[in-house]
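**Student:** below is the structure, and that's it, no one-letter string:
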């Protein structure tokens, strides 16, 4: 009898210990999960903060920025945006940026897609090597010759100079994304199309291209963003009327280094389209940014 | 194919022309054509140009520091956001922002935060009763400040690539390790890290090539200054070409720069081969 009671007590004690460790484990897990969320929050805060700072400052007048006392207490003003668009001709620069980014992306696709297809299918390897090396060569290497060539052709400061130079980034990138994509498409589809009487071009347009749409979207978005963000090429090749937004902002800085509110408003104007785009096409941008990296 | 024409005109010809110019002396003048000087530009650059060598050292300091910090932090962030959690979609979108945002705009925001009198950083220092700093205005702090911006901008890229690498890791070794009683730290040291090495090599290669060529944030934030304190090879090449118009010596500088970038890429490719990755 005593034994049984003892046993019973023992197992109860065991059970108690077990539930204790189980609940301890649960608290430990909860704490860990909470810490993880805290860490994630801190990371996100640090990454987003400069944008928030930019946006806040763009609504502050010069006094609120320079007194620097309150981060959030200020009377919001749209004056900075008014200045940027009314006095600084930013609508023109905005238009220039869109035009150049759009044209260089479209032209890069028109040239790049058949090239990538050709490289993938017919092993035009030298072209592939050149295009991939172009990604490694420092962009400034091209600038001196272009500057001279465009100067000779009277194209310096024209949209064409900007579009062609931005294609140097867009075209190799499109090839970089699309060559593996076309290589991964099964040969048989195009072969059966060829047997049915399609030309190489027909097989490309009707079979390969439609199947490659996800890759094309990724490549176009990235090419557009690269052009939109491009600074160095435009700095040298743009003229007064063809100036893109990054150059306009840079000049803004050199002329009036004191007008922080205006500068931040200009920075918001150029950043906003890319950020909004990112929110909608996040998946494709991840694919674009990691293209080539994950395949090893 | 039109792509071939583009490649010939916009890529191959300019590279050939740069090689040609690097053997000449020319200020871009139409009246006075390029003068043949043989290898003089290279000799001058490599043996007598202290400013060039300083810029090489700075470029490597910038690249190594930035990429190393990005690798460590990026790995941490990748592990942190690997696996499911509430709000995962929005977090993975937000970490993209520093990479896709226009560098010039980012530079402006950081410029305001670094600003010694009205900037945020000195505001924080003052409220903590610490002495304010010059940041970009100081010869010693300018390069580290730029490295900070680069880390902020590109750490997410590391995290993104490593995250993709993490998701391809096989499950079996982890199950075996768990059966053997390995704890989380041991699994990280003996499994995750070694398995992730190929991805890390690739990520470091991609980041290094871009970091060596960093132009936008440096030129817009410091223009290579104060003095030459943040003048990297790329900035020096730009100044030689488009501020001094010494096109011959600038071209030789560009050829050397390209050789450096290419050399580093090839070293990484060799490392990848050694590790048996293709």
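**Tutor:** Received the coordinates, thanks. No experiment lies behind these values; they were computed from the predicted model shown.

**Student:** show me what contacts residue A:225?
**Tutor:** A:274, A:277, A:285, B:100 (Cβ atoms under 8 Å, 6 or more residues apart in numbering or on different chains). C-betas here are computed from N, CA, C, even on glycine.

**Student:** got the phi/psi numbers for it?
**Tutor:** Backbone torsions for residue A:225, taken as degrees, to the nearest 10, come to phi -60, psi -40.

**Student:** out of the contacts of residue A:225, which comes closest to residue A:47?
**Tutor:** Ranked by distance to residue A:47 (Cβ to Cβ), the contacts of residue A:225 are led by residue B:100 at 11.9 Å.

**Student:** state the mean pLDDT of the helix or strand hosting residue A:81.
**Tutor:** Using DSSP states H and E, residue A:81 falls within helix A:79-86. Over the span of helix A:79-86, the pLDDT mean works out to 81.

**Student:** repeat for stretch A:151-161
**Tutor:** For stretch A:151-161, mean pLDDT is 85.

**Student:** what does stretch A:50-58 give?
**Tutor:** 89.

**Student:** quick one: is that stretch near chain B?
**Tutor:** Yes - judged by Cβ under 8 Å from any Cβ of the partner chain, stretch A:50-58 and chain B are in contact via A:50, A:51, A:53, A:54, A:57.

**Student:** hmm, who's touching that stretch?
**Tutor:** A:65, A:71-72, A:80-81, A:260-261, A:264-265, A:267-268, A:271, A:275, B:97-98, B:101, B:105-106, B:108-110, B:112-113, B:120, B:152.

**Student:** repeat that for 6 Å
**Tutor:** The contact list for stretch A:50-58 (Cβ atoms under 6 Å, 6 or more residues apart in numbering or on different chains) reads A:65, A:80, A:264, A:265, A:267, A:268, B:109.

**Student:** residue B:70 touches residue B:157, doesn't it?
**Tutor:** No - counting by Cβ atoms under 6 Å, residue B:70 does not reach residue B:157; the two are 7.5 Å apart.

**Student:** pLDDT score for residue B:70?
**Tutor:** On pLDDT, residue B:70 comes in at 95.

**Student:** now do the buried residues in stretch A:88-105.
**Tutor:** A:88, A:90, A:93, A:94, A:96, A:97, A:98, A:100, A:101, A:103, A:104, A:105 (16 or more other Cβ atoms under 10 Å in any protein chain shown).

**Student:** how about the residues of the stretch 151-278 of chain B by chain A?
**Tutor:** Contacts of the stretch 151-278 of chain B with chain A, taken as Cβ under 6 Å from any Cβ of the partner chain, map to B:160-161, B:164, B:202, B:206, B:213, B:215-216, B:220, B:237-238, B:241-242, B:247, B:254, B:257-258, B:261, B:265, B:277.

**Student:** one more time with 7 Å, if that's ok
**Tutor:** Where the stretch 151-278 of chain B comes near chain A, counting by Cβ under 7 Å from any Cβ of the partner chain, the residues are B:156-157, B:160-161, B:164-165, B:198, B:202-203, B:206, B:209, B:213, B:215-216, B:220, B:234, B:237-238, B:241-242, B:247, B:250-251, B:254, B:257-258, B:261-262, B:265, B:277-278.

**Student:** what mean pLDDT does stretch B:145-152 get?
**Tutor:** Mean per-residue pLDDT for stretch B:145-152: 94.

**Student:** how far away from the center of its chain is that stretch?
**Tutor:** The chain centroid and the centroid of stretch B:145-152 are separated by 10 Å, computed with Cα atoms, centre = their mean, to the nearest Å.

**Student:** pull the residues that contact it.
**Tutor:** B:62, B:65-66, B:69-70, B:73, B:98, B:110, B:114, B:135-136, B:211, B:214, B:217-218, B:221-222, B:230 (Cβ atoms under 7 Å, 6 or more residues apart in numbering or on different chains).
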